[in-house]
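>>> show me the folded form of this:
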Amino acid sequence: MNPTWRQSLIALLALVAIHALLFALPGPAFSPATHLVLFAANAYALYCALAVLRKNSARQLGLFVAGYLVLFVLVMGILGRKSLFVLLVVVYASLFGSPPLLGFFALFVLSFVVLQPYAFESFLPLAFVYAVVWRSRRAFSRFALACLALGLTALALLLLPLLHLVLQDSVQTLWRTLGRADVQQALWTSVASSTLATLLVALWGIPLAYAMARIDFWGKRVVESLIDLPILVPQSVAGVALIVLLGPGSPLGQALDRHLGIQLAGHLFGVVVAQVFVSAPFLIKSALTAFEAVPPQLEQAARTLGAPSSAAFWRIALPLASRGILVGLALAWARAISEFGAIILFASSPATAPVLVHTEFLRAGASESRPIATLLLVICLWIFVVLQFGQTLMPFAWRRAGMTGGPGGPPPSRQSRAGAPTPAPASPGRGVPVSASSAGIELGGVQRRFGGFALRDLSLAVGAGEYWVVLGPSGAGKSLLLQLVAGLIAPDAGTIAIASVDATRLPPERRNVGLVFQQSALFPHQSVLENIAFGLRYRRLGRAERDRRTAELVEQLGLQPILERPVATLSGGEAQKVAIARALAIRPAALLLDEPLGPIDHNARLELQAELRRLHAELGFTALHVTHSRDEARALADHCAVMRDGAIEQAGTVDEVFARPASDFVAGFLGLGGPAAARD
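Residues are numbered from 1 along each chain as shown. All right, here's what the predicted structure looks like:
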């Protein structure tokens, strides 16, 4: 709708008439100067209203008028603030054409006019909520946005007391309070004790979290519940429990005092003990979640490359879980420094900052305790900011791309982690010689039960330099066979020999085999080059030899263009090439391949198939390759075996197995019909 100049002139004359009538009333509410200013502001608002009508619909004009009336009633009618009304009307009319800015203006009016005593602390969080919702409005449904707005608004209200507290005292007041000796001592005690308590929890909590993420032991659910217990127990109950156990009148407290000279109650050590009790669950639960998000296959890959289990923890699991652990450390530290109930009962001296705040409140009220509380809050906020900033500086932290189906594979479910295979226990002996770069594999009557499924009497002889492909449908036990050979699980019965060495009880790092997983299991916190060279540091080789081996494989597989790229950016085919190079770099006695061509597209599969065939011809390594694709067997293998329900149905050369299948199942799986038909 486009108003004519006559309509615009009529609207202006009507505005003049209204102001003239108001001025002519007896006992005018406004002075002539105020009338003039109001008229100018309303004239500008009228101009903007006509512009809205020109560019938009009558509905938009109605919204404009409604907003004007709300401002008039609120500012002029209720508050009686004429000059403020003039200013707000001009700003409102100017911003109406920009919905984002109009929203911020509405929040400004709400905060600084309606909620004036709490203006700044209400405007900041509400403006943040509005900005988040506005930027997300086109990406999500209205219901999701409503949930987001509701939750963020409630969170803003929850944090309002803290924001209000920070703004109560001037910098001079806080500085003067900080100069008090008792305040300095209390703050130092709080920071030192909470830091020490967090470090003590980390010493045993992180190993416990790792073990619980990797071991499905008896009573695990009970332990998980016990970890949560300090969260559920009231602080006063925890304080009394510590007094009863470690107080001056308890047998244990007296023994510590008599033999070691340690008095926990009323001592800094007592403060630390109370803080450890209340803060431990926060670090353990965060670390447990972080370790559970690290796929066990990454550590398994590290161990098959020669890394001991401790090295796999330090170089793989811990770096990848580091961000979650850092969050847990921050939560544990924050919980420790804020503890009051248990400390005031068990170790009220030396006074921590929360205890001093309580004491000052009882002595002189909120006016004296408030600056101390503000100082403690500022310290906690700074620590929080430093920890959050520190996460971005951690070069080994887990990358989000690696968590979502990248080359490292998706994080396993809780059930798959709990049921993760247990590595073969270590046994005495030196292991498979690293000089055995191509050696045979012999399985003799190997058996292993997994609940209702079992590997039954597996016997197989893989000669040095042979390329074997194990075929079978999903669930036949092919991958479990490779894990047995690699030492990732131990057999219940039977023997496994590699390079004529009994490897049945050898751990993975002493078997000298390279394992290529279906999802490649590359280390997402390392570059392509670092992945390839990972296992060489455990081969006791000089730097020159390590560089030479790495360069050879890089050249053979054409990996030069991607050497410095993060593995999360690799395609499926590129990732599998890197995984094969990493496994071959250690010159293993045997190369184990767990469906390496499965997760990649057709063209990349054919290319990688040709690479494997060429590498085997050039290097002559022993290979044990499992797949469900008979085309891979024909293209790569000189020998093959067919598995069904945990047993080997037939084994021999590729020509023999495909020409003379031993059973209807083998013939059907190979697409050959019955045995008789195959023989014909």
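
>>> can I assume residue 244 is in contact with residue 250?
Yes. Proximity of residue 244 to residue 250 meets the contact threshold set by C-beta atoms under 8 Å, at 6.2 Å. Using the backbone N, CA and C atoms, a C-beta is placed for each residue, glycine as well.

>>> those two: which has the busier surroundings?
residue 250 (16 against 13; other C-beta atoms under 10 Å).

>>> who's in contact with the more buried one?
Going by C-beta atoms under 8 Å, 6 or more residues apart in numbering, residue 250 touches 243, 244.

>>> give me the pLDDT value at it.
Per-residue confidence at residue 250 stands at 83 (pLDDT).

>>> for it, what are phi and psi?
Backbone torsions of residue 250, given as degrees, to the nearest 10, read phi -90, psi 150.

>>> residue closest to the middle of this structure?
Centroid-nearest residue in the chain: residue 324, 5.9 Å away (criterion: C-alpha atoms, centre = their mean).

>>> any idea how far residue 469 is from that residue?
Distance of residue 324 to residue 469, given as C-beta to C-beta, to the nearest Å: 40 Å.

>>> ditto for residue 541
From residue 541 over to residue 469 the distance is 31 Å, taken as C-beta to C-beta.

>>> same thing with residue 373?
In terms of C-beta to C-beta, residue 373 sits 70 Å off from residue 469.

>>> neighbour-wise, which of these two wins?
residue 469 (26 against 22).

>>> which SSE is the more buried one in?
Assessed by DSSP states H and E, residue 469 sits inside strand 467-471.

>>> who are the packing partners of that strand?
If you count contacts as 3 or more C-beta pairs under 8 Å, 6 or more residues apart in numbering; DSSP states H and E, strand 467-471 packs onto helix 478-486, strand 623-626, helix 630-636, strand 639-644.

>>> how far off helix 478-486 does the last one point, in degrees?
In terms of direction (axes from the mean of the first three to the mean of the last three C-alpha atoms, to 10 degrees), strand 639-644 departs from helix 478-486 by 120 degrees.

>>> begin at 24 from now on, thanks
Let's use 24 as the start, then, which means that last one is strand 662-667.

>>> so how far is the next helix or strand after strand 662-667 off the chain centroid?
As assigned by DSSP H and E, the chain's next helix or strand after strand 662-667 is strand 670-676. A distance of 44 Å separates the centroid of the chain from that of strand 670-676, by C-alpha atoms, centre = their mean, to the nearest Å.

>>> one more: stretch 222-233?
Between the centre of stretch 222-233 and the centre of its chain there are 18 Å (C-alpha atoms, centre = their mean).

>>> likewise stretch 274-285?
Offset of stretch 274-285 from its chain centre (C-alpha atoms, centre = their mean): 44 Å.

>>> then it to CSV, C-alphas only?
What follows is stretch 274-285, C-alpha atoms only, in CSV (Å, rounded to 0.1, in the frame of the first residue of the first chain):
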residue,chain,number,x,y,z
PRO,A,274,40.7,-44.6,66.9
LEU,A,275,42.0,-43.8,63.4
GLY,A,276,42.4,-40.1,64.1
GLN,A,277,44.3,-40.9,67.3
ALA,A,278,46.5,-43.4,65.5
LEU,A,279,47.4,-40.8,62.8
ASP,A,280,48.2,-38.2,65.5
ARG,A,281,50.3,-40.6,67.6
HIS,A,282,52.3,-42.4,64.9
LEU,A,283,52.5,-39.8,62.1
GLY,A,284,51.8,-36.5,63.9
ILE,A,285,49.0,-35.8,61.5
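
>>> what mean pLDDT does the helix or strand harbouring residue 333 get?
Secondary structure from DSSP H and E places residue 333 in helix 332-335. Helix 332-335 carries an average pLDDT of 92.

>>> now stretch 291-304
92.

>>> so what touches that stretch?
In contact with stretch 291-304 (C-beta under 8 Å, 6+ apart) are residues 212, 215-217, 219-221, 223-224, 228, 250-254, 258, 261-262, 265, 269, 285-287, 354-356, 358-360, 362, 365-366, 369-370, 373, 375.

>>> all strands for the stretch 524-673 of the chain, in order.
Ranges of strands in the stretch 524-673 of the chain, per DSSP state E, counting those that start in this stretch, are 524-525, 536-539, 613-617, 646-649, 662-667, 670-676.

>>> turn the ones you listed into CSV, columns for distance to residue 406.
Converted to CSV, the strands of the stretch 524-673 of the chain look like this (distance: least, C-beta to C-beta, whole Å):
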stretch, distance to residue 406
strand 524-525, 54
strand 536-539, 43
strand 613-617, 45
strand 646-649, 51
strand 662-667, 57
strand 670-676, 60
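
>>> for residue 343, which of those is the nearest?
Closest of those to residue 343 is strand 536-539, at 18.9 Å (criterion: C-beta to C-beta).

>>> and what about the residue nearest to the centre of the chain, helix, strand or coil?
What DSSP: H, G, I helix; E, B strand; the rest coil gives for residue 347 is helix.

>>> ok, for it, nearest residue in space, not its chain neighbours?
residue 313 (2.5 Å; C-beta to C-beta, 6 or more residues apart in numbering).
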